[in-house]
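Colleague: Could you look at this predicted model? Sequence included:
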Amino acid sequence: HHTHTHEVDNQIHTYSLFLCLSLPTTSLLLFFILLSITTFCLETHEAFNPISNSTVVEVVGNDTVVHFYQETETRVELTYVEGLCVIWFTFEFFVRILSCPDKVKFICNTPNIIDFVAILPFYLEVGLSGLSSKAAKDVLGFLRVVRFVRILRIFKLTRHFVGLRVLGHTLRASTNEFLL
């Protein structure tokens, strides 16, 4: 009987922890969501994307071909800030999944899938950033587009702010136009 009571206490504690971490009411979570969204917006502004000139020398048969091109590079400070946010979101995600009473239901829950998809590209970019092959650069370009999913973190806040709920409905209603 004592084992059963200990088991129930353990389940109650685990569920309480899960509920606390599932409710995005903590000021820390709010801070990281807003910081991440702000960083995302700043990354799109030209002041934070200096243009650098690059040269690629390629040997084709007996000829040497030199390619000159310009590419934008996001300021490293913004990458560090986003990295800090992703570390927090990763920690928060794993604590929630480890403390969740029903892991399958957690994994199949749309907001949790969005959280995972918003975290993953950052780690893939970090892993691929040292590679210089064309394929790696193509994948990095694709991941930068996928990182747009980060903006969906705003929906974590919609439960608490009516104005954000309206924004969410507007974004959903204009999805088709946005994707054109």
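Modeller: Done, it's in.
Colleague: Okay, strands next: where are they in this protein?
Modeller: With DSSP state E, the ranges of strands along the chain come out as 51-60, 63-72.
Colleague: okay, now S36: neighbour count?
Modeller: 22 (other Cβ atoms under 10 Å). Using the backbone N, CA and C atoms, a C-beta is placed for each residue, glycine as well.
Colleague: Next one: the residue nearest to it when sequence neighbours are not counted from K105, what distance?
Modeller: Nearest residue to S36, sequence neighbours excluded (Cβ to Cβ, 6 or more residues apart in numbering): C85, at 4.1 Å. Noted for C85: a distance of 26 Å to K105, by Cβ to Cβ, to the nearest Å.
Colleague: Looking at the strands of the chain, spot the one closest to F40.
Modeller: When the strands of the chain are compared by Cβ to Cβ, strand 63-72 sits nearest F40, at 15.3 Å.
Colleague: circling back to that earlier point, neighbour count winner among C85 and K105?
Modeller: C85 (25 against 10).
Colleague: what sits against I119?
Modeller: I119 makes contact with 86, 89-90, 93, according to Cβ atoms under 8 Å, 6 or more residues apart in numbering.
Colleague: For ChimeraX, what selects the buried ones among these?
Modeller: A single ChimeraX command is used to select the members of the contacts of I119 judged buried by 16 or more other Cβ atoms under 10 Å:
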select :86,89,90,93
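Colleague: quick one: contacts for C85?
Modeller: Residues in contact with C85 (Cβ under 8 Å, 6+ apart) are 32, 35-36, 39.
Colleague: Any stretches of this structure with poor pLDDT?
Modeller: Low-confidence segments of the chain, defined by pLDDT under 70: 1-27, 132-134, 136-137, 144-172, 174-180.
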